[in-house]
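*Asks:* I'll drop the sequence and a predicted model, then ask my questions.
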Amino acid sequence: MPNKVEICGINTSRLEVLSAEETDALLRRSVSGDRAARERLISCNLRLVLRVIQRFSGRGESMDDLFQVGCIGLMKSIDNFNVELNVRFSTYAVPMIIGEIRRYLRDNSSIRVSRSMRDTAYRALQAKEAFVNANQREPTIEELSRAMQIPREDIVFALDAILDPVSLYEPVFENGGDAVYVMDQVGDTKNTDEHWLEQIALKEAMRQLSSREQNILRMRFFEGRTQMEVADEIHISQAQVSRLEKSALAHMRKQI
């Protein structure tokens, strides 16, 4: 199978995909102590872990090891998720998985940082994790500064000091032609963590639509067709295209 992806003995192409409603129901059961619901949540979100670790490829680390570390972040996300807040699980889980992988890479780094700066960084990470658990979102530097009673500059310097170094010549993309390296994307404002998370949320919201709605949005916003052109293509009226388009966009906004 050309799309088969197997890692740590798991064929991720065969994993079940949950709807938003199923995920919410399983999370509520997991919080109440249902172990079977927790195990199903883990299994059905392994693809999410796989997507996250692809960002860390090309660093000389074993992808199997990163996958296992990412699974720890996934389990922490499930155990700490607050079902009472109106937040999508993936929006909360992705930063948790990334944080767990970065912590693993940081602890295995060969670069030495002073003990005081490392202690400040670890305290900041603990404060950040506590804030995320309580508020289901990432804190700003100002919020961390107030919580830790430390100047924001000290927190920024400490966190920067323990970041994983990346070579400017590290390839980030290669598709049978010339590779794209880190130095080619320096100063890129589009490929940020926020943009990347928005793309994941957009794709998941699209999956919740019917095939007709997906087709209409694809033609309208990805192919740039007018409503009349779409109507002619799928043999319905322009008014129906307009109504289906508005309904699909409203549903996606609610999902996101």
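*Replies:* Arrived safely, thanks for sending. Residues are numbered from 1 along each chain as shown.

*Asks:* where do the strands sit along the protein?
*Replies:* Per DSSP state E, the chain carries strands over the ranges 6-7, 10-11, 171-173, 180-181.

*Asks:* Least confident of those, on average?
*Replies:* Here the lowest mean pLDDT among the strands of the chain goes to strand 171-173, at a mean of 60.

*Asks:* contacting residues for A20?
*Replies:* R88, E204, Q208, Q255 (CB atoms under 8 Å, 6 or more residues apart in numbering). Where you see a C-beta, it was placed from the backbone N, CA and C, and this is true even at glycine.

*Asks:* Ok, S116 next?
*Replies:* Counted by CB under 8 Å, 6+ apart, S116 has zero contacts.

*Asks:* make it 10 Å
*Replies:* Counting by CB atoms under 10 Å, 6 or more residues apart in numbering, S116 makes contact with D154, A158.

*Asks:* for I53, same thing?
*Replies:* I53 neighbours (CB under 10 Å, 6+ apart): 7, 61, 63-71, 97-98, 101.

*Asks:* cool, and S62?
*Replies:* Going by CB under 10 Å, 6+ apart, S62 touches Q68.

*Asks:* now A134
*Replies:* Per CB under 10 Å, 6+ apart, neighbours of A134: N80, N82, L85.

*Asks:* Can I get these in a markdown table including neighbour count?
*Replies:* Listed next are the contacts of A134 as a markdown table, based on neighbours: other CB atoms under 10 Å:
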| residue | neighbour count |
| --- | --- |
| N80 | 16 |
| N82 | 13 |
| L85 | 11 |
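
*Asks:* Out of the residues you listed, show me where the pLDDT dips lowest.
*Replies:* Out of the contacts of A134, that is L85, at 80.

*Asks:* Not counting its neighbours along the chain, what's nearest that one?
*Replies:* Leaving out its chain neighbours, the residue that sits closest to L85 by CB to CB, 6 or more residues apart in numbering is Q136, at 4.8 Å.
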